[in-house]
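> Here's my sequence, what's the structure:
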Amino acid sequence: MVMPKSNDCDECELRLLREFQSRVADLEQDEDTCLRFLTAREFKIHLAEEMMRNSVEWRKTIGIDNYLNWVVSEAKEEDHIFKITGVNHNGGPVLWVPLGTWLARYWVERGKQEETTLYGYRILETAFREMKSRNNKKIVAILGIETLTYYKVSHVPTLKVLYAAFQSLEQNYPEILQSLIIVNAPWMFSIAFSFIKPILSPKTLGKIQVFNSEREKWLPALRQLMPDSAIPSDYLKSA
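Here you go, the predicted structure:
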């Protein structure tokens, strides 16, 4: 567990953490998880408790603990690639999601909206468990928007899938992100971003950097956060 800054602040927040742990003891959550939820609600215990209880219920309702057993078609997995590419400079995982290449609209239009939404949850849970295995060091995520088209972002049911993923990030996986770097974003990305932006907290928004296709700008930003070995190889070509 990493507690914040000054000694006075440490003592106050540690006291609040202990009080919060006592109030949610029935949920059997570890100290780091309690701290993440408490931090997300600015150490307001009643809000953090409501958030955690809702999240625990959500996990039970959708069966997230069995996420590896969810049956997803092979073709669908090929169309929705994601990968843990390595470790960032702070010791946490690097998650790469080449979202621009996804064929989410294709599957949503064929009645697979729920399955596509669950796939988004699988990505979050995979990254979360990787973070837990690395002593709760936070995630750096790379969202690749190359090949994104207006056709893909102009479909409201598909945008709702993206909305559900980011909403779950806020509500059920608080404080797992160190940074989210969005690269190769064309102008139409603003359509999708304006759709999800209202549900993101100011703290989360402060962790997001958006870059267009100018590699000379986004590659140094990635290298500040991770070694080249964790950067997708295609992003290093001609670097």
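> all contacts plus neighbour counts: C-alpha atoms, from now on.
Noted.
> Show the average pLDDT along stretch 103-123.
For stretch 103-123, mean pLDDT rounds to 86.
> Now do it: distance to the chain's middle.
17 Å (CA atoms, centre = their mean, to the nearest Å).
> List the buried residues of that stretch.
103-105, 107-108, 113, 115-123 (16 or more other CA atoms under 10 Å).
> domains in the chain, as residue ranges please.
7-62, 66-236 (automatic domain parsing).
> Would you mind finding the most buried of those?
Ranked by mean neighbour count under mean count of other CA atoms under 10 Å, the domains of the chain are led by domain 66-236, which reaches a mean of 17.
> How about Lys137, nearest residue that isn't a chain neighbour?
Leaving out its chain neighbours, the residue that sits closest to Lys137 by CA to CA, 6 or more residues apart in numbering is Gly92, at 4.3 Å.
> Same check on Val24?
Counting by CA to CA, 6+ apart, the residue nearest Val24 is Glu49, at 6.8 Å.
> Assess the claim that that neighbour and Ser22 are in contact.
No: applying CA atoms under 8 Å as the test, Glu49 and Ser22 come out as separate, 10.6 Å apart.
> and Lys217, which of the three is it?
Assigned by DSSP: H, G, I helix; E, B strand; the rest coil, the conformation of Lys217 is helix.
> need the contact list for it.
Phe211 (CA atoms under 8 Å, 6 or more residues apart in numbering).
> Can you show me the strands along this structure?
83-87, 93-97, 139-144, 177-183, 208-210 (DSSP state E).
> Tabulate those (TSV), appending distance to Tyr235 and mean pLDDT.
Listed next are these as TSV, based on distance: least, CA to CA, whole Å; pLDDT from 0 to 100:
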stretch	distance to Tyr235	mean pLDDT
strand 83-87	12	97
strand 93-97	11	97
strand 139-144	10	97
strand 177-183	10	97
strand 208-210	15	96
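> out of those, nearest to Ser229?
Closest of the strands of the chain to Ser229 is strand 83-87, at 6.9 Å (criterion: CA to CA).
> Tell me which strands that closest one pairs with, and in which orientation.
Within its sheet, and counting by DSSP bridges, strand 83-87 is paired with strand 93-97 (antiparallel).
> Name the surrounding residues that touch the strand it pairs with.
81-88, 127, 130-131, 134, 137-144, 226, 230, 232.
> for it, the distance to its chain's centre please.
On CA atoms, centre = their mean, the centre of strand 93-97 falls 9 Å from the chain's centre.
> Just want the angle from it to strand 139-144.
20 degrees (axes from the mean of the first three to the mean of the last three CA atoms, to 10 degrees).
> Using CSV, list the CA coordinates for strand 93-97.
In CSV, the C-alpha atoms belonging to strand 93-97 read as follows (Å, rounded to 0.1, in the frame of the first residue of the first chain):
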residue,chain,number,x,y,z
PRO,A,93,1.8,-3.7,-16.9
VAL,A,94,1.5,-2.1,-20.3
LEU,A,95,-1.8,-2.8,-22.0
TRP,A,96,-2.1,-2.3,-25.8
VAL,A,97,-5.5,-2.1,-27.4
